[in-house]
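Q: What follows is a predicted structure for the sequence shown.
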Amino acid sequence: MTHARAAKAPTPVEAIGHAVIYRDPFSYCAHPHLVRLTDGAWVLVFNRSVRRRFILHPPQDPHFHNVTMRSEDEGRTWTAPQVAPGYEWHGVECAGLTALGSGTVLLHQWRFRWYPLAAARQRADASDLTFPSDLAASLVASPELGAPSGVTASPDAMLPWARGNGATFVHRSQDGGRTWTETREIETLPYPGGYGLRGGLELPSGLVLLPLSDVPEHRRSSPSDRSTGAGGGWPRRPSPPRTGGGSKSRRR
């Protein structure tokens, strides 16, 4: 052996318990992400919206909130779900959590801008918005959502809203994810947006590296953001190489 000591084999898992921690027959819940805090507590975030007869994901539905739950006994019991950071933060993509060594918890989320359909058609920037016909076409084309083909026959009735682009935000909690008292917007230009459903990485220097994908395009080349000061400051990132392609919806 070339190593002075053989690597210790991982301890096999002898028993796994499964349990439903939240159920609501009138809600659609998906895309959970969990982190362990420095005090041993677990914080879970997931998406929640209205349950419909076919599945809508965040890019098609303005009713999504990010919801958090906490466990202080390694998942045996959980708190009731709470919307994070607040009920005004709707129309969001899947969120990610980052637990810092200081005890601070970061929640990052991408929030689309949504408009009632009639108001959207009167906007000066209407040509930049995504309207029901395009939303319905993307639903039918998706192999994972299983939307009925009939949705394209009356998209205005089934999806009476329009989607603009949006912005990426980081919210900070100093009490273990119970409340979120500070919010910062992250600049993602020249990318039209930044979305990620996993957490960031805290380096020994204290810098936080947050990986994001290029929402709404989700191109192979993904942006990342860096923060100093326990996630409180997010300096502007140098422009990355151009990868081609464009987005119908730009930052507003």
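A: Perfect, thanks for sending it. Residues are numbered from 1 along each chain as shown.

Q: alpha carbons only for contacts and neighbour counts from here, please
A: Fine.

Q: Secondary structure element for residue 171, which one?
A: Using DSSP states H and E, residue 171 maps to strand 161-173.

Q: Just the buried positions in that strand, please.
A: Buried positions in strand 161-173, judged by neighbour count with 16 or more other C-alpha atoms under 10 Å: 161-173.

Q: name the helices or strands packed onto that strand?
A: strand 105-116, helix 117-121, strand 182-186 (3 or more C-alpha pairs under 8 Å, 6 or more residues apart in numbering; DSSP states H and E).

Q: helices and strands around the helix ranked longest in the chain, which ones?
A: When the chain is parsed with DSSP state H, its longest helix is helix 132-141. Helix 132-141 is packed against helix 155-158, with contacts defined by 3+ C-alpha pairs under 8 Å, 6+ apart.

Q: just the CA coordinates of the helix it packs on, formatted as PDB?
A: Backbone C-alpha positions of helix 155-158 (Å, rounded to 0.1, in the frame of the first residue of the first chain) are rendered in PDB as follows:
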ATOM      1  CA  PRO A 155     -54.200  28.800 -21.900                       C
ATOM      2  CA  ASP A 156     -55.700  32.100 -20.800                       C
ATOM      3  CA  ALA A 157     -58.400  30.400 -18.800                       C
ATOM      4  CA  MET A 158     -56.000  27.900 -17.200                       C
END
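
Q: what is the mean pLDDT for that helix?
A: Here helix 155-158 scores 90 as its mean pLDDT.

Q: and residue 49, that's in a helix?
A: No. Residue 49: not assigned to a helix; according to DSSP: H, G, I helix; E, B strand; the rest coil it is strand.

Q: Make sure it is actually in contact with residue 60.
A: No. Under the criterion of C-alpha atoms under 8 Å, residue 49 is not in contact with residue 60, lying 11.2 Å apart.

Q: Tell me which of the two has more neighbours.
A: Neighbours per residue (other C-alpha atoms under 10 Å) separate residue 49 from residue 60, with residue 60 holding more: 24 against 21.
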